[in-house]
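Engineer: sequence first, predicted coordinates after that:
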Amino acid sequence: MSAEDVVAIVRRLQRAGLAVWLDGGWGVDALVRRQTRPHDDLDIVVRLEDVPAVERELAALGYERAGGGARAGSVGGKAAGARPDDGAPAARRGSFESVDAEGRQVDVHPIARDGAYVNRDGTIWHYPPRGLRGKGAVAGHGVDCLTAEVQVICHAGYELDEDDLHDLWLLRPAPDVLEAFEARGEPQPLAGGTGRAWRVGDLVLKPLDADVAWQHEVLANVEENGFRVERPRPEVVDGWTAWTYVEGRHERGRWREIITAGERFHAALPAARPPARGDNAWDIGDRVAWGELPYPAVDELLAALEPVDDAPRLMHGDLTGNVLFHESLPPAIIDFAPYYRPPEYASAIVVADALCWEGAPAELADAVGRQYLLRALIYRAVTSFEFGGDAARELEVAFSLAA
């Protein structure tokens, strides 16, 4: 699939008034505005309601749907969910391939109006609206494409091949960002999270997604006692932030040690409130779990909540995958997610995660108070709903606890 082929396809769709975004390898090359490797195919994201028109325009260029039917694609390892109620026939919801007589292939990924995309297994993932704001160029022709952030997210959840690693390498921080942070060495992508973090020497560079000035002030004077902590620099450079690199790795099964490390960390935090939070999925889930927002999907669980007596204080609300273990060093705490709740709630979220997603034994539920665990499960269930999932496992565990 040459650059000229890509331009011909995009121009044809644009002239027909159809929205199209480049994804995959050509999407990455569009972002960096040059072809960096050969491409076997072209991945495009289109509006679900435009699929018939897209097929007509591709047919005019000699492309026909392979196999005559849909093959639902998969974007990384994204959250499961119900099919979107968009009225579209099932055959048009999933991704499909169109090929021409020369073997060139276009992979078409339809998304609903809310960004919902049907994965290969019938589950749903939502393209974030901000991810459709990318601008790039192919052979000098301007194109819309996925942003670098969402390109990286779409490379998560499956084993990366050489082409994937090549593409991710192109999405690393720019040289002027490295220079501004005085980062020394070649950026290396770090596993975990959304794959947006890069290690450069003794720093980790991440796109801005937290109030780093506030976190710098809060964490700068935290005394490490039985734990280590990742600390941010206060400045932001072209949307990037810099944090101290800490050695270690996440290990399943060490839930009680994660809880202990979290307790020590919380005891060392100052008496401060985090900045005002927004209306993202995690904030909504947290507020519902504490009775601050109604949420009909979990009304029965909310009715089982009872008051707790512990006072709120600053705590880390996402410890499970963010406590790293090392053979000879104390546990390291990274990606501080600040909440103002009783600290046992943080421990309960670890237990909820372990029960729902990491195969923990049922007796781990006894590690925290029942009311905290119920709130943690509601929090995770609502967050899953907000991301388009069905929260089946979270609700199963929560209802067994509430019974």
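Structural biologist: Nice, thanks for sending it over.
Engineer: pLDDT weak spots in the chain?
Structural biologist: Residue ranges of the chain with pLDDT under 70: 67-93, 156-158, 191-196, 387-389.
Engineer: what about the residue lying farthest from the centre of it, which SS state?
Structural biologist: Within the chain, the residue lying farthest from the chain centre (Cα atoms, centre = their mean) is A101, at 37.9 Å. When classified by DSSP: H, G, I helix; E, B strand; the rest coil, A101 comes out as coil.
Engineer: how about it, nearest residue that isn't a chain neighbour?
Structural biologist: The shortest distance from A101 to any non-neighbouring residue, by Cβ to Cβ, 6 or more residues apart in numbering, is to G62 (6.3 Å). Backbone N, C-alpha and C define where each C-beta goes, glycine included.
Engineer: where along the stretch 201-350 of the chain do the strands fall?
Structural biologist: 203-207, 228-229, 240-244, 313-316, 323-324, 332-333, 338-341 (DSSP state E, counting those that start in this stretch).
Engineer: so what strands line up beside the fourth one?
Structural biologist: If I follow you right, that is strand 313-316. strand 338-341 (antiparallel) (DSSP bridges).
Engineer: outside of the partner strand itself, which residues are in contact with it?
Structural biologist: 215, 218, 273-275, 286, 290, 312-317, 345-346 (Cβ atoms under 8 Å, 6 or more residues apart in numbering).
Engineer: filter these to the buried ones?
Structural biologist: Buried by 16 or more other Cβ atoms under 10 Å: Q215, V218, P274, D286, W290, R313, L314, M315, H316, G317, Y345, A346, out of these.
Engineer: G185 belongs to a helix?
Structural biologist: No: assigned with three-state DSSP, G185 falls outside any helix and is coil.
Engineer: what's around it, how many residues?
Structural biologist: 11 (other Cβ atoms under 10 Å).
Engineer: same thing with L42?
Structural biologist: L42, neighbours per other Cβ under 10 Å, totals 25.
Engineer: would you confirm that it contacts G27?
Structural biologist: No: look at L42 against G27 with Cβ atoms under 8 Å: they stay out of range, at 9.1 Å.
Engineer: for the stretch 251-400 of the chain, what spans make up the helices?
Structural biologist: Taking DSSP state H, counting those that start in this stretch, the helices of the stretch 251-400 of the chain run over residues 255-268, 281-289, 299-302, 343-357, 370-386, 392-402.
Engineer: ok now the fourth one, how far from the chain's centre?
Structural biologist: Here helix 343-357 shows a centroid-to-chain-centroid distance of 19 Å under the convention Cα atoms, centre = their mean, to the nearest Å.
Engineer: from here on, count from 27
Structural biologist: Fine by me, first position is 27 from now on; the one you just mentioned is helix 369-383.
Engineer: that one - contacts with which helices or strands?
Structural biologist: Judged by 3 or more Cβ pairs under 8 Å, 6 or more residues apart in numbering; DSSP states H and E, helix 369-383 is in contact with helix 281-294, strand 339-342, helix 396-412, helix 418-428.
Engineer: what is the nearest of the contacts of strand 364-367 to P213?
Structural biologist: Q241 (21.9 Å; Cβ to Cβ).
Engineer: let me see the contact set for the closest residue in space to V423 that isn't next to it in sequence.
Structural biologist: Nearest residue to V423 in three dimensions, chain neighbours excluded: L381, at 5.2 Å (Cβ to Cβ, 6+ apart). By Cβ under 8 Å, 6+ apart, L381 lies in contact with A388, L390, A391, V423.
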